[in-house]
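S.K.: any chance you can model this:
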Amino acid sequence: MLVTALLGISLALSSALALPRESCQTKDRCQVSVGWNAYADAGPFTLAAVNKTLGIPTRATEVGEPLHLSPSVAYAGSEFRSLATNATYPYVEFSQFTLVDGGLLGTNNFSTGAGAAATDVGEGYSLGFKVSHDRLSPDPVFCAIVGTSPAGGNPIYPLLALHGDTRNFALCEAHSAEDGIPLNVVVYRPRSDSREHYDYDSCYGVYVQLVPVPAPAGER
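M.R.: Numbers count the residues shown, from 1 in each chain. Prediction:
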């Protein structure tokens, strides 16, 4: 009976994440490294940040602050991006994101034809993306965590994990490296001695949600 229940949960979660069919034919890197409730392929979705003091969201109405790519707080240059709140950067450069074999990609910029790939980050650094018109090679370090587990709780929407970790993202006040725009950006395990120019005292913990984008009416 327990096996049947778990199978039903797995099938429902796979459908909700719109997993590519081919991902079922090969071993998912996230299920190997993190567990049965982790997926390396998912999307399309948008990103949102939920204050950790509110707990892991378990209802469909519990959607966090939307997150968009913004000018980078770490590097000057038009090809670099950070991940900032809609309140501090309400401009949508990439309307959707996907996970492809553990790589986090920004997609659907039809006006420029560019794509964005998230890069691996260490403790104390902001999440970063590189935008390019060339072929993207994202670092395969992200997973979508679903279902009940010590890593993911029981979220209504999948949670983003970096190296299997969903619990150590934060939002921190910062300024863009190139022109000083004030931003509230996602940082992984913020540190008071970080080389990046964010205000450590302003940081607070968040979960990063992967909010599924509904399929067009003709494809449902």
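
S.K.: when you work out contacts or count neighbours from here on, use the C-alpha atoms and nothing else.
M.R.: Fine.

S.K.: pLDDT at the residue nearest to V186 when sequence neighbours are not counted, what is it?
M.R.: Take V186 and drop its neighbours on the chain: the residue closest to it by CA to CA, 6 or more residues apart in numbering is L171, 4.7 Å away. Residue-level confidence at L171 comes out at 98, pLDDT.

S.K.: neighbours of L171, how many?
M.R.: Around L171 sit 27 other residues, with neighbours defined as other CA atoms under 10 Å.

S.K.: that one pairs with what?
M.R.: In this structure, L171 bridges to V186, Y204 when assessed by DSSP bridges.

S.K.: let me see the contact set for it.
M.R.: Contacts were defined as CA atoms under 8 Å, 6 or more residues apart in numbering; by that measure L171 touches N184, V185, V186, V187, C203, Y204, G205, V206.

S.K.: for the fourth one, give its distance to A177.
M.R.: Read it as V187. Applying CA to CA, to the nearest Å, the value for V187 to A177 is 15 Å.

S.K.: of these two, which one has the most company?
M.R.: Shown here are V187 and A177; by other CA under 10 Å, V187 has more neighbours (31 against 17).

S.K.: quick check: chain neighbours aside, which residue is closest to that one?
M.R.: Leaving aside its chain neighbours, V187 sits nearest to S126 (3.9 Å; criterion: CA to CA, 6+ apart).

S.K.: could you report the neighbour count for that neighbour?
M.R.: Residue neighbour count, defined by other CA under 10 Å, stands at 31 for S126.

S.K.: thought it was touching N184?
M.R.: No: here S126 lies out of contact with N184, judged by CA atoms under 8 Å, at a distance of 10.5 Å.

S.K.: re the thing from before, switch the contacts of L171 over to TSV; also include pLDDT.
M.R.: Below are these laid out as TSV (pLDDT from 0 to 100):
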residue	pLDDT
N184	98
V185	98
V186	98
V187	98
C203	97
Y204	97
G205	97
V206	96
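
S.K.: for the protein, what spans make up the strands?
M.R.: Secondary structure of the chain by DSSP state E: the strands cover 38-39, 42-51, 65-71, 80-85, 96-100, 103-107, 115-118, 125-126, 128-132, 142-145, 159-162, 169-175, 182-188, 198-212.

S.K.: so which elements touch the fourth one?
M.R.: With contacts taken as 3 or more CA pairs under 8 Å, 6 or more residues apart in numbering; DSSP states H and E, strand 80-85 sits against strand 65-71, strand 128-132, strand 182-188.

S.K.: for D41, find the nearest of these.
M.R.: Each of the helices and strands packed on strand 80-85 was checked against D41 via CA to CA, and the shortest separation belongs to strand 128-132, namely 18.1 Å.

S.K.: mind listing what the closest one pairs with, with the direction of each?
M.R.: Strand 128-132 sits in its sheet next to strand 80-85 (antiparallel), strand 115-118 (antiparallel), going by DSSP bridges.

S.K.: ok, and what's touching it?
M.R.: Contacts for strand 128-132 (CA under 8 Å, 6+ apart): 69, 72, 79-83, 114-121.

S.K.: now the end-to-end length of stretch 127-144.
M.R.: Criterion CA to CA; first-to-last residue distance in stretch 127-144 is 16 Å.
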